[in-house]
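S.K.: Okay, predicted coordinates and the sequence, questions at the end:
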Amino acid sequence: FLKMLPFLNQLEKEPNIGPFLEPVDWKALGLQDYPKIVKKPMDLRTIRERVKQGGYANFDMFYADVQLVWNNCKSYNIAESEIYRMAEDLERTSKKMYKKMISSTKKKRDEKEEKSQEEDEEDEEGDISFDERIKFTDYVRKLTIEQMTTLVKMIQDTSPGV
């Protein structure tokens with residue numbers, strides 16, 4: 001959701017975006033065959049409304065609808081038409097935006113994973129090996145009552161939750 005609206009905002013700043021902002025009014029335009037050719041109409045306003053209503057589970061579902069806008073236009077119109085060329089240009093632009101967003105998301109995820117791995121490695125450095133545990137257990141067993149009391153007090157002072 002956080003990335004979908006900025007994506008739409010940026011896309012809507014593109015030149016020639018106008019025809020794709022609203023649903024195609026095929027009746028008013030006299031395009032009687034439009035519903036027969038375009039089975040799933042889509043436009044940017046409808047996408048924006050779905051985003052605001054939480055209608056997309058992930059960015060890929062959202063982007064599929066953006067792509068549907070261009071595909072519908074290219075399915076209905078002839079390749080030599082101005083609107084077809086506009087859809088192609090906007091499709092290229094949206095793909096670049098998508099790739100940029102995906103690579104930036106991947107980069108952030110990779111950085112997060114790297115940081116997590118570093119933290120895991122730091123945690124592992126603090127872990128005690130099995131041999132060290134055995135030695136410690138043997139050492140504790142040999143303590144006198146006074147030494148054991150002192151050890152317990154030291155542990156309680158340094159780790160109150162233990």
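M.R.: Received it, and whenever you're ready, just let me know what you need.

S.K.: Where does I78 fall, secondary structure wise?
M.R.: Assessed by DSSP states H and E, I78 sits outside every helix and strand.

S.K.: ok, it touching A87?
M.R.: No. Using C-beta atoms under 8 Å, I78 makes no contact with A87, being 11.8 Å away. All C-beta atoms are positioned from the backbone trio N, CA, C, and that covers glycine.

S.K.: For this structure, name the helix or strand with the lowest mean pLDDT.
M.R.: Lowest on mean pLDDT, DSSP states H and E among the helices and strands of the chain sits helix 130-141, with a mean of 72.

S.K.: Past that helix, which element shows up next along the chain?
M.R.: helix 145-158.

S.K.: Tell me which other helices or strands that next one touches.
M.R.: Here helix 145-158 touches no other helix or strand, going by 3 or more C-beta pairs under 8 Å, 6 or more residues apart in numbering; DSSP states H and E.

S.K.: And L2, how close does it get to Y56?
M.R.: Remark: distance between L2 and Y56 (C-beta to C-beta, to the nearest Å) = 12 Å.

S.K.: before we move on, back to that, which one of I78 and A87 has more residues nearby?
M.R.: Using other C-beta atoms under 10 Å as the criterion, I78 and A87 rank with A87 on top: 23 against 8.

S.K.: Okay, buried residues for the least confident helix or strand of the chain please.
M.R.: Neighbour counts over helix 130-141 (16 or more other C-beta atoms under 10 Å) mark no residue as buried.

S.K.: Pass me the low-pLDDT residue ranges in this protein, would you?
M.R.: 1, 105-126, 138, 161-162 (pLDDT under 70).

S.K.: now the strands for it?
M.R.: Ranges of strands in the chain, per DSSP state E: none exist.

S.K.: This completes my enquiry, with thanks.
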